[in-house]
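S.K.: Structure for the following, please:
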Amino acid sequence: MDCLTILAQAAKTAGEKTPSEGILPIDLIWQHVTSLDLVEALTFISFGAVCLFYGWRVFKILVTICFALLGLFAGVWANKLLIGGNVIWLAVLCVVLFALLSIPLMRWGVSILGAAAGGVLTGGGWLALGLPEQYIWAGGLVGLVAGGMISFIIFKAAVMLFTSLGGSALMLVGALAVVYRYMGAPTRLEDLVFNQKWFLPLVLLGPMVVGMILQYRFIEHAKDWNI
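M.R.: Numbers count the residues shown, from 1 in each chain. Below you'll find the model as predicted:
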């Protein structure tokens, strides 16, 4: 009974949240976007385009980079937990270790990233449809499970999923920075980002779907592509 009471109270609290108390860290994301200068924004767009349309060719490098970033976070966390100081060697060691582990675990890494991309896809769709933000985990869980199943069965699907998502996200960050700083419409753009829940999912998932379609066509005609 105590567990049921706790769950009921948690659900009631989540339902009472106002739109301004969203669970997504949009403020933090927006802060990083608006801090980019023109060169950084164009770099994001360029690398994003490569990942979006040509990710199937460089997916191994992308998986290694993702593993290395995961190692960086693990090293920083372990450094704070075990040492409690600012010792850079532990973070560097974890980065190297995780990058090396990505080579024998490449297929598993791609499948996990594909599952995560599926979760982002359905979670973004959940927001775009105007469904309650506090239950976005439900929409994301559906995509996570479906994306995981597809990724483990069809390896190419996992590659297209996570490379298209990564490329679309990089292009989105760069494009928003350019529009905000140089297109003369910062107030309007900020209103779309913070007040229109459909905006960010649409501009993220739209290019992602286009990238997946194009990558599928490219892979279909690339007979020498070795997974």
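
S.K.: Next one: residue 92 from residue 161, what distance?
M.R.: 30 Å (CB to CB, to the nearest Å). Heads up, the C-betas are built off the backbone N, CA and C, glycines and all.

S.K.: which secondary element of the chain has the worst mean pLDDT?
M.R.: Every helix and strand of the chain was ranked by mean pLDDT, DSSP states H and E. The lowest is helix 2-15, at a mean of 40.

S.K.: next structured bit after that helix?
M.R.: The C-terminal neighbour of helix 2-15 among helices and strands, as given by DSSP states H and E, is helix 26-34.

S.K.: my guess is residue 161 contacts residue 122, does it?
M.R.: No: counting by CB atoms under 8 Å, residue 122 is not a contact partner of residue 161; they are 11.5 Å apart.

S.K.: just to revisit the earlier point, residue 92 and residue 161: which has the busier surroundings?
M.R.: A count of neighbours by other CB atoms under 10 Å puts residue 161 above the other of residue 92 and residue 161, at 30 against 13.

S.K.: Report the angle between the host helix or strand of the more buried one and helix 26-34.
M.R.: For residue 161, the element it lies in under DSSP H and E is helix 155-182. Using axes from the mean of the first three to the mean of the last three CA atoms, to 10 degrees, one finds that helix 155-182 and helix 26-34 are set 70 degrees apart in direction.

S.K.: and stretch 159-167, average pLDDT?
M.R.: For stretch 159-167, the mean pLDDT works out to 90.

S.K.: repeat for stretch 218-227
M.R.: Confidence for stretch 218-227, expressed as mean pLDDT, is 67.

S.K.: do the same with stretch 126-140
M.R.: For stretch 126-140, the mean pLDDT works out to 82.

S.K.: Where is the longest helix in the protein?
M.R.: helix 38-78 (DSSP state H).

S.K.: So what's the gap between that helix and the chain middle?
M.R.: 11 Å (CA atoms, centre = their mean, to the nearest Å).

S.K.: what helices or strands is the following helix or strand past it leaning on?
M.R.: On the C-terminal side of helix 38-78, the closest following helix or strand by DSSP H and E is helix 88-101. Judged by 3 or more CB pairs under 8 Å, 6 or more residues apart in numbering; DSSP states H and E, helix 88-101 is in contact with helix 38-78.

S.K.: The helix it packs on vs helix 26-34, what angle?
M.R.: Using the same axes, to 10 degrees: helix 38-78 against helix 26-34 is 130 degrees.

S.K.: which secondary structure elements does helix 38-78 contact?
M.R.: For helix 38-78, the packing partners by 3+ CB pairs under 8 Å, 6+ apart are helix 88-101, helix 106-128, helix 155-182, helix 199-220.

S.K.: Of all those helices, which one is nearest residue 135?
M.R.: Evaluated with CB to CB, those place helix 106-128 nearest to residue 135, the distance being 7.7 Å.

S.K.: where are the low-confidence patches of the chain?
M.R.: 1-23, 83-87, 222-227 (pLDDT under 70).

S.K.: wait, what's in contact with the residue lying closest to residue 72 once chain neighbours are set aside?
M.R.: Nearest residue to residue 72, sequence neighbours excluded (CB to CB, 6 or more residues apart in numbering): residue 95, at 5.1 Å. Neighbouring residues of residue 95 by CB atoms under 8 Å, 6 or more residues apart in numbering: 68, 71-72, 75.

S.K.: Noted, bye for now.
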